[in-house]
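*Asks:* Have a look at this prediction, sequence included:
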Amino acid sequence: RRSLPAAPHRSRRRRDRGGRGGGVVASSSSSASSSSFSSSNEKQRPPPRVLNQISLEFSRTPLRDLVSSPQFVRDLDWIDGCWPESLTAAGDYPRVQYYCLTSTEGCYTDFHVDFGGTSVWYHILSGRKIFLLIPPTPTNMKLYEKWLCRRDQNDVFFPDQTAPRNDDDDDTGTIDEETGTTIERVEGCVRVSLEPDQTFIIPAGWIHAVYTPLDSIVLGGNFLHGLDAPRQLDVHCLETRTRVPAKFRFPNFVRMMFYAGASYLSRLRSETDGDGNGNNNNNDEDGGRRRARARATPVSPREIDGLPPTVRRPEDLGGQAFGGCEQGGKSRARRGGLREDDGMRDVRGDGGEIGAG
């Protein structure tokens, strides 16, 4: 009778000459091999992801009745002061004013600037946050833009970013000891630690990263205002050059500029037109409310200084596209902006991001 060959998928167990002991040896060898494989897998397995939820905008939920931003934020915020109230009542407005952020221990948000150069209010309910903040000096912003466009951006800690100084630059820079060339470095990085019941304001355009050493709950929001209009426009144009996707930018930014310009025009006219007391006969509902606010809030000299860029031609608001920075847009999108936290993206469904989470 012809013997059939062993099935190819079956492996023959090697038996030791001692009889049954062979099975034990084979099993032991197999167990050791499995243990070694598991150990190797443990080393290659990525670390567990941690939750950094920073996308819950609650301005149209019952929670909003229990939370208000600081009074001076509400006084400055263009959404409250310039956006037509009829549109706000209909739900047509940038929903970026009220966020609830819940972060687990170990979360990290990489360096970023909040969309549209918005300022941020940030209140710690529980836990702790550690910020690294970098002022938006010309040198730092230039290095930040270069860093956004790097293909290895995720492997480079932004404060370590350097660049050769151009002859046209006014910055002095520092001398590299190895090459003897003048280079520019990130300057002015500071560390701020926040505890429960503390409220923090991030100024317009500041570059920052955030680490969460303890499980945290934070309330915060973004706001545009007239005290830093040029900086906000600079960041908007930087986002265009680095190809930040629209869904990661301030919602309706250019539209907001039109409403802000109209509000300033109304406020300035209210000081000279009409009956001499800041009143006129226009019965437009939204315009009337803006003029009422104008009488209570005169235009400050700093706001007047920022008016020329605020009312520039609409086509100038887009900035000049920078063709070599496609990677920057992708990396910026990963950060949301703004920003990736061990797998949880700092992205808001309505196109917003807070960057401080």
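*Replies:* Good, I have the coordinates. Just so you know, these numbers come straight off a predicted model, no measurement behind them. Residues are numbered from 1 along each chain as shown.
*Asks:* Please enumerate the helices of this protein.
*Replies:* Taking DSSP state H to define them, one finds helices in the chain at 21-44, 71-76, 78-81, 85-89, 138-148, 229-241, 253-270, 285-296, 301-305, 307-310, 326-335.
*Asks:* Quick one: list the elements packing against the fourth one.
*Replies:* Contact analysis of helix 85-89 by 3 or more C-beta pairs under 8 Å, 6 or more residues apart in numbering; DSSP states H and E lists helix 285-296 as its packing neighbours. (Each C-beta comes from the backbone N, C-alpha and C, glycine too.)
*Asks:* And the fifth one, by the same measure?
*Replies:* Where contact means 3+ C-beta pairs under 8 Å, 6+ apart, helix 138-148 is packed against strand 162-164, strand 182-185, strand 207-223, helix 229-241, helix 326-335.
*Asks:* That one to helix 229-241, inter-axis angle?
*Replies:* Orientation check (axes from the mean of the first three to the mean of the last three C-alpha atoms, to 10 degrees): helix 138-148 against helix 229-241 gives 20 degrees.
*Asks:* Pull out the buried residues from helix 138-148.
*Replies:* Residues of helix 138-148 classed as buried: Thr139, Asn140, Met141, Lys142, Leu143, Tyr144, Glu145, Lys146, Trp147, Leu148 (neighbour count, 16 or more other C-beta atoms under 10 Å).
*Asks:* before we move on, back to that, can you flag the weakest of the helices and strands packed on helix 138-148 by average pLDDT?
*Replies:* If those are sorted by mean pLDDT, helix 326-335 sits at the bottom with a mean of 50.
*Asks:* Contact partners for Phe131?
*Replies:* Contacts for Phe131 (C-beta atoms under 8 Å, 6 or more residues apart in numbering) come out as Arg191, Val192, Ser193, Leu194, Phe200, Ile202, His208, Ala209, Val210, Ala356.
*Asks:* how much space between it and Val96?
*Replies:* Distance, Phe131 to Val96, by C-beta to C-beta, to the nearest Å: 19 Å.
*Asks:* which residue sits closest to Ile134 in space, ignoring its chain neighbours?
*Replies:* In this structure, Ile134 finds its nearest non-sequential neighbour in Ile207, 4.1 Å apart by C-beta to C-beta, 6 or more residues apart in numbering.
*Asks:* let me fix that: Asp75
*Replies:* Per C-beta to C-beta, 6+ apart, closest to Asp75 is Thr297, 7.1 Å.
*Asks:* does the one you found really touch Arg74, like I thought?
*Replies:* No. Taking contacts as C-beta atoms under 8 Å, Thr297 lies outside contact range of Arg74: 11.6 Å.
*Asks:* Which ones among the contacts of Phe131 map onto strands?
*Replies:* Judged by DSSP state E, the subset of the contacts of Phe131 located in strands is Arg191, Val192, Ser193, Leu194, Phe200, Ile202, His208, Ala209, Val210.
*Asks:* how about the nearest residue to the second one, chain neighbours excluded?
*Replies:* The reference is to Val192. Val192 sits nearest to Phe131 (C-beta to C-beta, 6+ apart), 4.4 Å away.
*Asks:* burial count for the residue nearest to Leu194 when sequence neighbours are not counted?
*Replies:* Leaving aside its sequence neighbours, Leu194 sits nearest to Lys129 (C-beta to C-beta, 6+ apart; 4.5 Å). Applying other C-beta atoms under 10 Å, we find 25 residues neighbouring Lys129.
*Asks:* Identify the residues contacting Lys129.
*Replies:* Lys129 makes contact with Ser103, Tyr122, Ser193, Leu194, Val210, Tyr211, Thr212, Ser216, Val218, Ala356 under the criterion C-beta under 8 Å, 6+ apart.
*Asks:* hmm, which of those residues are the buried ones?
*Replies:* Here, 16+ other C-beta under 10 Å leaves Ser103, Tyr122, Leu194, Val210, Tyr211, Thr212, Ser216, Val218, Ala356 buried among these.
*Asks:* Now for the residues you listed: which two are most distant?
*Replies:* Within the buried ones among the contacts of Lys129, two members stand farthest from each other by C-beta to C-beta: Tyr122 and Tyr211, at 14.0 Å.
*Asks:* Val73 against Trp121, yeah?
*Replies:* Yes. Using C-beta under 8 Å, Val73 is in contact with Trp121, at 5.1 Å.
*Asks:* Let's have the contacts of Phe131 in JSON lines, adding distance to Leu307.
*Replies:* Listed next are the contacts of Phe131 as JSON lines, based on distance: C-beta to C-beta, whole Å:
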{"residue": "Arg191", "distance to Leu307": "36"}
{"residue": "Val192", "distance to Leu307": "32"}
{"residue": "Ser193", "distance to Leu307": "38"}
{"residue": "Leu194", "distance to Leu307": "34"}
{"residue": "Phe200", "distance to Leu307": "29"}
{"residue": "Ile202", "distance to Leu307": "24"}
{"residue": "His208", "distance to Leu307": "28"}
{"residue": "Ala209", "distance to Leu307": "33"}
{"residue": "Val210", "distance to Leu307": "33"}
{"residue": "Ala356", "distance to Leu307": "29"}
